[in-house]
Each structure stands twice: as structure tokens, then as C-alpha cells.
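> predicted model follows, preceded by the sequence.
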There are 2 protein chains.
Amino acid sequence: MKMGKKTGEQTFQFANPPVIIATGTVAGPFEGQGPLAEEFDLVLGDLHNGENSFERAERSMLVQACRLALDHASRGSAEVDLFLAGDLLNQIISSSFTAATLSIPYLGIYGACSTVAEGLTLASMILDGGFAGAILVATSSHNATAERQYRYPTEYGGQRRPYQQWTVTGAAAALLGYTGHGPRVTAATVGKVVDMGCKDPLNLGAAMAPAAAETIACHFQDTGWDPDSFDLILTGDLGEIGFKLCRELLAEKDIHLGENFSDCGLLIYDREKQDVHAGASGCATAGLVAFGRLFRQFQRGELTRVLLVATGALHSPTSFLQGENIPCIAHAVRIEA
Amino acid sequence: MKMGKKTGEQTFQFANPPVIIATGTVAGPFEGQGPLAEEFDLVLGDLHNGENSFERAERSMLVQACRLALDHASRGSAEVDLFLAGDLLNQIISSSFTAATLSIPYLGIYGACSTVAEGLTLASMILDGGFAGAILVATSSHNATAERQYRYPTEYGGQRRPYQQWTVTGAAAALLGYTGHGPRVTAATVGKVVDMGCKDPLNLGAAMAPAAAETIACHFQDTGWDPDSFDLILTGDLGEIGFKLCRELLAEKDIHLGENFSDCGLLIYDREKQDVHAGASGCATAGLVAFGRLFRQFQRGELTRVLLVATGALHSPTSFLQGENIPCIAHAVRIEA
């Protein structure tokens, strides 16, 4: 049997590329007013989702997204070998409590907003390695839980800076299979942590841009592919500031990205009508775009080759308050029809 | 080429069992007064390790443990394909900042005190799947960082309850290879999250015991092995209360563990002389025992087959304060000479 392998410095290629069989997406009410609303399975009426805390609301969305993905694949939890999930909350409680509800063998992961790509990478390695037939990958974020943990409770009504991004309320899950019909994960580039000295936890797009640029450049170098190989190269949640920076950093490496370069953080909201400043952020940003919009575009035959480069800022409020820099990472996943 | 596979419900068997080539262990000063002191590479003189915060001290230990493992294998960072690490601190900052220092492609994991087994499991799948030649797995905990995050700052001097455990200060790393000399990871059982309704974050051993019992029973059922197949069956950090409970829960399933059953939480300290109450806890507990004592016992030919069952409590201070239960998990890794 043909085996997957490492190619170049940081890229892994899959011999039997795992299939994204089905997805489930749940979006918050504000995200449901954005341009991608039609691409989500479920849009919530309010931020509480019938629960008595925002944290419970977040995990209930994550459970819903996972169940939607399973339902769409006509599978039960017992038919899934592993559950790989992570989120922004301390000790990734959204994911762990969801794992308790689903009762699928569980491995928690943490990559901040890069989680969806980390999950797809690990799931693809495990599936291609022959260890599993089906793996559920999921992530979530919630505006009210993330804002009060990282910055201020939203009820405080703090003034937001123009370069800040808006944490997405949403949850996204995908069922990957060793066999099946759907887009396939053909390669993944695992990022190194990049620390360029950024210290402002309100300007995470700028902090993450160098990590995204490094990973994109590495993917091209490792594989011999170039920007024209893709219909779409999509960073995770760099937002307006980080997205421009990433393009500039790549141009300095003589990698010139064209119209096929975009950022999930610029797609979720209508920035003319929705006052989100620099765009969207949070684990659900790349999650909703990948498992909502991209998956459906692949199903409709509108996409052939996409490079999803989810980015994460790996600081904590403690590390920030202790004067540390914000280390960042980006993982790239190549998805093909 | 022969491929690894899933066996039974939750167990994965490796066709070309990955090798633990070398390890690195760093223990705190209090752990250096315990019975395993001689099994650690480095014992710190104080809790600060030359740094100006406990959090920086923790990550400096983790960097040291990783460098020791690499040195013992005569490898540089550039010869390692992936770094898998996790710890207890919010957003696993110890691991992510260590990844920034090491500059190895990094995937963050979170399993609380089960992290060492989660890391060994994922690394073994990736290596056996043919995706990598060498993977560094690491974890850490620090008494002062964990206590102030989960309970009270240690300077507060709060009275500890008799069933509480003492968070270990330490860091442990292992370099796993596709080839090489050393003990091998031959199988792994990935746990499901178990929630038995425990709510007391000071009695985590009791909360984790059912998860450990479930995973041990599952490993036996999936593989056909039994307690007598092993020289040693070692739970992670159940401590005195949880260890007794785990034995009782298994006896109810008609699985009777004998003298070859022990717990890392009962090995690190001399409970006659060191006032740690119910034993040791924290990610470094199973890490130090596995990569310190067990690894050396394998090297000395004293062990042939060990089942390491690292356990984790997946709550957060937020989930506890919101009245939630404490969901727990245990992952088992079979290590053979």
C-alpha cells in the first residue's frame, strides 16, 4: 500500500487523500446578517442559544455543528473513530464538554484560530496512515466568551480600536473519511511559531501575518506549486491590516499573490454595513468559511484547488500582562476537488 | 508496507512501533527531594530557574527538557519533523513559547495531565504512518503557575484539604523515531470523556478514576491482553484516593489488578516525609515518571511491557465557577522493550 510522506521542510503529502464527507456549521445572529449567511446550516436567533451562560451557548453550538455534520453523512457517533477539536477558551472547555456529550474517543488540540487547519492536518495523517475510517474535526468561538476572557466583557461596552477584529460567534465541524465522496485534503504544511516582537493583543492580524507568509512560502517551496496553482489561497483571520501585511511580506520574498488571494476574516461580515472594524477573528472564522462556504463551493463544482492557511495567535492574557510578545502560527491545508 | 490499524473500539496498534530514542527530564527542587530524584536529568535549585516569573520558569524548564532529549539523541532541532506539546496553562503558553524557541513545526495539544499519553499516541500514529522520522513530545507543569491559575497563589498559604494532590514542578520530553534503539510504543487506547458528576476541583483523583478504569478495561477488551500481560500498569496522577477508586471500579468489572498496578502520583514524593497529602498531580507527573524512571528502567532491562494510562481533568476555573461537572479523560499507551 502506498504511504503518505513528508515533502520538503514542513509539508506532508497524503497518498490516499482523506475526504471531507460532510460538514455542519452554526453561526451567530450577527454572522447570519453577513454575506455568507446562506452558506451556513443554522443561524442562531440570539447569543444564548437557549443556555444560561455564554460558555454553555458556545458548547451547545459546537454540539449542534458536530451533530449536523454526522446527520449530513448519515452516521452516528459510534461510527466515528476519533474526535479532534479545540477552541479559544481556557482549557478548551467548549471542545472537552462537547466530547463528553458526543462520547467519541477524543484528542484535544490547541492552535487558537489555526485550530481548523491543525485538526484537518492531524485527521488526514491518521486517516491516511490507516488508523481510522472516520474522524470528526471541529472548532468554535463565541464573541461574548472570547471577548471577556481575552479583553473585556462585552457588556462593558469598551471602545474598540479601528484595527481590532470582531470575534465570530459560530461553530464548525467536518467529518473526514478514508473513503467517500467530497473534496480531499491532499497536503498540509505545519507551521513553526513565529515571533516578530508584536505585543498588542488588539492587533492580532498584524501579529499573525508573518506566520501566514512563512507558511505560504514554505508550502510553495516544499511542493513546487505556486500561486497560480490555486483557485483560491485563503488565510484564516488576518483581517484588513494583517492581510495587507501578508501580501507585502510575500512580495518581499518575490511571491506575488493576485486576485485569488483572500482572507476568511474579510468574508464573514459586510464591512460596509456591519461595524466590525478590521474584520472577523476567532476559531470559527476559518471554520465557518472552510466548512460552510468552501465545502459548498466544492460541492457545486466552483472550486478545484484551495490552500487554506489558518492562523493563530498563541498568547494568553497572562503572557500579555507579563509583557511577553505574541507568538503566532499558521498551518496550511491543500484541499482539492 | 505493513500499516498500523485500529483494533476493537478505541485502540490503535502500530505495525512498525515507534521508538522512544531519548528523553529529557527537569524536576523542581521539591521533586528532587523525592524517591525518584536520581532518575531525573536535572533538578532545579529553586522554583524560579533564573527567570522573573513562575510562567517564564515553567517554559524555561520545558525548553531545557527538550534540549536534553535532543542532546541525548545527538540531534539538532532541524532534524526533528514535528513538536507536539501541551501543558496546563491557559492557551498552553508554556508549550507555544517553547515551540517558538525550538523552531520546530508545532502542533499544540491539550489533554490536561493526560497530555504525555496524547502526545505519545499522536506521535506514534504520525511516525507509523510514514509521515515523519523524528517527533519531539513534551509537557510541563509548575506548582506555582498551576496553583495560582486553578486555585490560589501559593503565597496565600491556603490550608490544603487531606484529599488534595500537590502539583508537580517539572518538564519532560521524549524524542520518538521511526527507527532507532529504545523502548517502543506498540499500541494506544484513546479515551472518551467521562463525566460521573464530580464537581470538587480539589479532589481530581476521584474525578479521574472512572476515566482511567474505562480506558484500562477498554484496552484489555480491544487487545485481548490482561493485567498479567504487563510488568507494570501505571495510571497518571490519580493519587491515593483516585488510585483506590480505580482499583475498585475495575474490580466491579471483574478486572483484578495486583501488585503490578501503580500510579505516577504515588511515586514522585516520599509521602512519609513530604507533606503532599494525596500525592502528586500535574502534567509533569506522568511525564517525569514515563520519561525519567520508566525510560531508564527500560534501558536497564528492568521492564518489558508497561501500560501507561495518563489521566486528565478537563475542567477550567470558569466551568467550575459556573457549576459544571469535571469531565475527565484517560489515554493508555503500551510501551514494550
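Ah, there it is.
> per-domain residue ranges of chain A.
A:5-177, A:184-336 (automatic domain parsing).
> straight-line length of the longest one, end to end?
From the first residue to the last, domain A:5-177 extends over 19 Å; the measure is CA to CA, to the nearest Å.
> average pLDDT for that domain?
Computed over domain A:5-177, the mean pLDDT rounds to 97.
> can you check the last one too?
When pLDDT is averaged over domain A:184-336, the result is 97.
> endpoints of it, how far apart?
5 Å.
> ok, it near chain B or not?
Yes. Under the criterion of CB under 8 Å from any CB of the partner chain, chain B is reached by domain A:184-336 at A:190-195, A:314-319, A:322, A:324, A:327, A:329, A:331. Heads up, the C-betas are built off the backbone N, CA and C, glycines and all.
> buried subset of those residues?
A:190-195, A:314-316, A:318-319, A:324, A:327, A:329, A:331 (16 or more other CB atoms under 10 Å in any protein chain shown).
> just the ones of these in helices?
A:Thr318, A:Ser319 (DSSP state H).
> between which two of the buried ones among the residues of domain A:184-336 next to chain B is the distance greatest?
Greatest spacing in these, by CB to CB: A:Val190 and A:Thr318 (25.9 Å).
> show me the strands in the stretch 201-337 of chain A, by range?
Secondary structure of the stretch 201-337 of chain A (DSSP state E, counting those that start in this stretch): strands at A:232-235, A:261-263, A:280-281, A:305-313, A:328-336.
> and the stretch 1-150 of chain A, by the same measure?
Counting by DSSP E, counting those that start in this stretch, the strands of the stretch 1-150 of chain A are A:5-7, A:11-13, A:19-27, A:42-43, A:82-87, A:106-110, A:134-141.
> what about the shortest one, distance to the chain center?
This points to strand A:42-43. Counting by CA atoms, centre = their mean, to the nearest Å, strand A:42-43 is centred 18 Å from the centre of its parent chain.
> same thing with the fifth one?
The chain centroid and the centroid of strand A:82-87 are separated by 12 Å, computed with CA atoms, centre = their mean.
> for it, packing partners?
helix A:54-72, helix A:93-102, strand A:106-110, helix A:115-128, strand A:134-141 (3 or more CB pairs under 8 Å, 6 or more residues apart in numbering or on different chains; DSSP states H and E).
> number of nearby residues for the residue in chain A positioned nearest to chain B?
Distances between chain A and chain B by CB to the nearest CB are smallest at A:Gly129, namely 2.5 Å. A count of nearby residues for A:Gly129, using other CB atoms under 10 Å in any protein chain shown, gives 28.
> before we move on, what about A:His181?
Count around A:His181 with other CB under 10 Å applied: 11.
> who are the contact partners of it?
A:Val19, A:Ile21 (CB atoms under 8 Å, 6 or more residues apart in numbering or on different chains).
> and it, which of the three is it?
What DSSP: H, G, I helix; E, B strand; the rest coil gives for A:His181 is coil.
> how near is it to A:Val19?
For A:His181, the distance to A:Val19 equals 7 Å [CB to CB, to the nearest Å].
> before we move on, the earlier item: most tightly packed of the strands of the stretch 201-337 of chain A?
Stretch with highest mean neighbour count among those: strand A:280-281 (a mean of 32; mean count of other CB atoms under 10 Å in any protein chain shown).
> outside of it, which residues touch it?
Counting by CB under 8 Å, 6+ apart, A:113, A:165-168, A:204-205, A:237, A:239, A:264-269 sit against strand A:280-281.
> now with 7 Å?
A:Cys113, A:Gln165, A:Trp166, A:Thr167, A:Val168, A:Leu204, A:Asp237, A:Gly239, A:Cys264, A:Gly265, A:Ile268, A:Tyr269 (CB atoms under 7 Å, 6 or more residues apart in numbering or on different chains).
> for the residues you listed, give me TSV that also has neighbour count.
Listed next are the contacts of strand A:280-281 as TSV, based on neighbours: other CB atoms under 10 Å in any protein chain shown:
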residue	neighbour count
A:Cys113	37
A:Gln165	28
A:Trp166	26
A:Thr167	28
A:Val168	35
A:Leu204	30
A:Asp237	37
A:Gly239	31
A:Cys264	33
A:Gly265	34
A:Ile268	32
A:Tyr269	24
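> surely A:Cys264 and A:Leu234 touch.
Yes. Under the criterion of CB atoms under 7 Å, A:Cys264 makes contact with A:Leu234 at 6.0 Å.
> can you pull the residues that touch both of these two?
The contact lists of A:Cys264 and A:Leu234 share A:Val289, where a contact means CB under 7 Å, 6+ apart.
> bridged to A:Ala174, which residues?
A:Thr23, A:Val137 (DSSP bridges).
> give me every residue that touches it.
A:Ile20, A:Thr23, A:Ala69, A:Val137, A:Phe291.
> again, only using 8 Å
If you count contacts by CB under 8 Å, 6+ apart, then A:Ala174 has A:20-24, A:69, A:120, A:136-138, A:290-291, A:295 around it.
> then A:Val185?
A:Phe14, A:Pro17, A:Pro18, A:Ile20, A:Leu120, A:Thr121, A:Ala123, A:Ser124, A:Leu176, A:Val333, A:Arg334, A:Ile335.
> gap between the third one and B:Ile135?
Using CB to CB, one obtains 20 Å as the distance from A:Pro18 to B:Ile135.
> next, count neighbours for the closest residue to A:Gln322 other than its chain neighbours.
Nearest non-adjacent residue to A:Gln322, counting by CB to CB, 6 or more residues apart in numbering or on different chains: B:Ser53, 5.5 Å away. When neighbours are defined as other CB under 10 Å, B:Ser53 has 16 of them.
> isn't B:Ser53 up against A:Leu321?
No. Using CB atoms under 8 Å, B:Ser53 makes no contact with A:Leu321, being 10.1 Å away.
> just to revisit the earlier point, ok, the closest residue to the residue of chain A closest to chain B other than its chain neighbours - contacts?
Nearest residue to A:Gly129 in three dimensions, chain neighbours excluded: B:Gly129, at 2.5 Å (CB to CB, 6+ apart). Each residue near B:Gly129 by CB under 8 Å, 6+ apart is listed here: A:Met3, A:Gly4, A:Met125, A:Ile126, A:Asp128, A:Gly129, A:Gly130, A:Phe131, B:Met3, B:Gly4.
> got it, and A:Pro162?
A:His277, A:Ala278.
> same check, this time on A:Gly130
Neighbours of A:Gly130 in contact, by CB under 8 Å, 6+ apart: A:Met1, A:Tyr178, B:Met3, B:Gly4, B:Lys5, B:Gly129.
> switch to 6 Å and redo it
B:Met3 (CB atoms under 6 Å, 6 or more residues apart in numbering or on different chains).
> dump stretch A:111-123 to CSV, restricted to CA.
Written as CSV, here are the backbone C-alpha positions of stretch A:111-123 (Å, rounded to 0.1, in the frame of the first residue of the first chain):
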residue,chain,number,x,y,z
GLY,A,111,-3.8,26.2,17.9
ALA,A,112,-6.0,29.2,18.7
CYS,A,113,-7.6,30.4,15.4
SER,A,114,-5.4,27.9,13.4
THR,A,115,-7.3,25.1,15.0
VAL,A,116,-9.3,24.1,12.0
ALA,A,117,-6.2,23.5,9.9
GLU,A,118,-4.4,21.7,12.8
GLY,A,119,-7.5,19.4,13.1
LEU,A,120,-7.6,18.8,9.3
THR,A,121,-3.9,18.0,9.3
LEU,A,122,-3.9,15.6,12.1
ALA,A,123,-7.1,13.9,11.0
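> out of the strands of the stretch 1-150 of chain A, which one sits most buried?
strand A:134-141 (a mean of 32).
> who are the packing partners of it?
Secondary-structure packing of strand A:134-141 (3 or more CB pairs under 6 Å, 6 or more residues apart in numbering or on different chains; DSSP states H and E): helix A:54-72, strand A:82-87, helix A:115-128, strand A:170-177, helix A:283-288.
> let's have the domains of chain A in JSON lines, adding distance to B:Asn49.
Output for the domains of chain A, formatted as JSON lines (distance: least, CB to CB, whole Å):
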{"stretch": "domain A:5-177", "distance to B:Asn49": "24"}
{"stretch": "domain A:184-336", "distance to B:Asn49": "15"}
